[in-house]
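> I need the structure of the sequence given here:
(chains A and B)
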Protein chains: 2
Amino acid sequence: MEGKIPKPTIKRLAVYYRCLENLIKSGKETVSSQELGTYLNIKASQVRKDLSYFGEFGKRGIGYQTRRLLDGIAEILGIKRTWNVCIVGAGNLGIALANYPGLSKGGYHVKVIFDNNPAKIGMKLQNGLIVEDLKNFEKVTKEKEIHIGVITVPAESAQQVADIMLSSGIKGIINFAPVKLSIPKKIPVEEIDISLTFRALSFQISTQKNQ
Amino acid sequence: MEGKIPKPTIKRLAVYYRCLENLIKSGKETVSSQELGTYLNIKASQVRKDLSYFGEFGKRGIGYQTRRLLDGIAEILGIKRTWNVCIVGAGNLGIALANYPGLSKGGYHVKVIFDNNPAKIGMKLQNGLIVEDLKNFEKVTKEKEIHIGVITVPAESAQQVADIMLSSGIKGIINFAPVKLSIPKKIPVEEIDISLTFRALSFQISTQKNQ
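Below you'll find the model as predicted:
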């Protein structure tokens, strides 16, 4: 069943999850589809449809039980388990991610960081990780049972790094390099292109002025 | 006219732009809507529709002139001009962004970084920037004519920082904090939630296994 959930719904499930965490923290035991819809800026009918994909139905006049819904989404999203992460590219961004507390809080544990620059190999990060030689990628990631590979190298090296990850059995890739990777469809990839986000924003600013 | 371009088209224009830069680098003078569509993984008809929003039409059998199309998109996206950027939150991520070469290459110049932690104020970054006291936000951002504010503080301080940005006349905000900000509609906001991206990826990995 899970395989049939549309991708936009998956993305929203992650947002529902964050919203529910906040609601539970503030002591709320139930929430209506209207309230969730307002929070996410989507229609209540869409909320009900999204949540029905995994068999969760609100009770008329009461809504959804926040804790139960959170647990259900957590299970679907694989949040209850932990994931081992490696980073390739020990530049500023790679190091920032390796030290980012939000990741380990979410169950994503950065177990190793690689670089091919001799000046960086052996360097010790704030959190105690040592930068490893990219040459040893397959051996080290197998030892540490890495699931997720994060690419924080420059655009021109990103495909080469992706190929190493693929041939070493990495299960999914997050790509920060501003380039479209060629990856077989069965390996999931998420892209975070910081420059594109700045462009989208500055376009909106330019547009506002013309309105 | 620009005000009417739908937001998904705007986001794609930024991707077309990147694609065209690569095509021009590789010596390509014309490109068809089919080729662009393949690159972006969308239909050729959608490409033609997107580009028609700003009056750009390909010639049958020849396609679009890459250089002319790049220049047209650059103008629409405000890429030809430069933007002054400030960052609030001199943690690992804020510092990584301040030093990120991809931003200045795109015309986004990080002119100042703020923090409210006395241990960080006065610290000098790799690129020579000094961490400023958040107390002086309005004065410093006016002096330096800052357009874009980037939030890299923890979730619990993000709204407070956004409020300072809004009252100081910042034109647009990029939020890395994992929280939904309350911002008046006329101020554009883009969110980059790194943890949500990891969740979306790990869900896809979990799903793959079940298929």
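> And A:Ser26, how far from A:Leu20?
11 Å (C-beta to C-beta, to the nearest Å). In this view, the C-beta of every residue, glycine as well, is placed from N, C-alpha and C.
> Equivalent analysis for A:Gln46, please.
A:Gln46 sits 16 Å away from A:Leu20, taking C-beta to C-beta as the criterion.
> higher neighbour count, the two?
A:Leu20 (24 against 16; other C-beta atoms under 10 Å in any protein chain shown).
> does the more buried one really touch A:Leu69, like I thought?
Yes: A:Leu20 is in contact with A:Leu69 according to C-beta atoms under 8 Å; the separation is 5.9 Å.
> joint contacts of those two?
Common contact partners of A:Leu20 and A:Leu69 (C-beta atoms under 8 Å, 6 or more residues apart in numbering or on different chains): A:Val31.
> Could you tell me which helix of chain A is the longest one?
When chain A is scanned for its longest helix (criterion: DSSP state H), the result is helix A:7-25.
> Helix or strand next in line after that one, which one?
Downstream of helix A:7-25, the first helix or strand assigned by DSSP states H and E is strand A:30-31.
> what does that following strand contact?
Residues outside strand A:30-31 that contact it (C-beta under 8 Å, 6+ apart) are A:Leu20, A:Leu23, A:Ile62, A:Gly63, A:Tyr64, A:Gln65, A:Thr66, A:Leu69.
> Out of these, which sit inside helices?
Short answer: the contacts of strand A:30-31 in helices (DSSP H) are A:Leu20, A:Leu23, A:Thr66, A:Leu69.
> In the residues you listed, find the pair that's most separated.
Spanning the widest gap among the ones in helices among the contacts of strand A:30-31 are A:Leu23 and A:Leu69, at 9.4 Å by C-beta to C-beta.
> just to revisit the earlier point, farthest pair in the contacts of strand A:30-31?
The widest separation within these (C-beta to C-beta) is 15.6 Å, between A:Leu20 and A:Ile62.
> Quickly run through the sheet partners of the lengthiest strand in chain A, with directions.
The longest strand of chain A (DSSP state E) is strand A:108-115. The pairing partners recorded for strand A:108-115 under DSSP bridges are strand A:83-88 (parallel), strand A:131-133 (parallel).
> Check which helices and strands the helix or strand that the longest one is followed by sits against.
Downstream of strand A:83-88, the next assigned helix or strand under DSSP H and E is helix A:92-98. With contacts defined as 3 or more C-beta pairs under 8 Å, 6 or more residues apart in numbering or on different chains; DSSP states H and E, the packing partners of helix A:92-98 are strand A:83-88, strand A:108-115, helix B:92-98.
> Show residues contacting helix A:92-98.
Against helix A:92-98 from outside (C-beta under 8 Å, 6+ apart): A:87-88, A:103, A:110, A:113, A:115, A:125, A:127, A:129, A:150, A:152, A:176, B:91-93, B:95-96, B:99-100, B:126, B:194.
> hey, C-alpha coordinates of it in PDB?
This file holds the C-alpha atoms of helix A:92-98, laid out as PDB (Å, rounded to 0.1, in the frame of the first residue of the first chain):
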ATOM      1  CA  ASN A  92      32.100  24.300   5.100                       C
ATOM      2  CA  LEU A  93      28.700  22.900   4.100                       C
ATOM      3  CA  GLY A  94      29.700  19.300   4.700                       C
ATOM      4  CA  ILE A  95      31.100  20.100   8.100                       C
ATOM      5  CA  ALA A  96      28.100  22.200   9.000                       C
ATOM      6  CA  LEU A  97      25.800  19.200   8.200                       C
ATOM      7  CA  ALA A  98      28.000  16.800  10.100                       C
END
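> who has more neighbours, A:Leu23 and A:Leu69?
Shown here are A:Leu23 and A:Leu69; by other C-beta under 10 Å, A:Leu69 has more neighbours (24 against 21).
> I'd like the distance between that one and B:Ala200.
Taking C-beta to C-beta, one finds A:Leu69 at 18 Å from B:Ala200.
> Whichever strand or helix holds A:Thr207 relative to helix B:7-25, how many degrees between them?
Using DSSP H and E, A:Thr207 sits within helix A:194-210. Angle, helix A:194-210 to helix B:7-25, by axes from the mean of the first three to the mean of the last three C-alpha atoms, to 10 degrees: 120 degrees.
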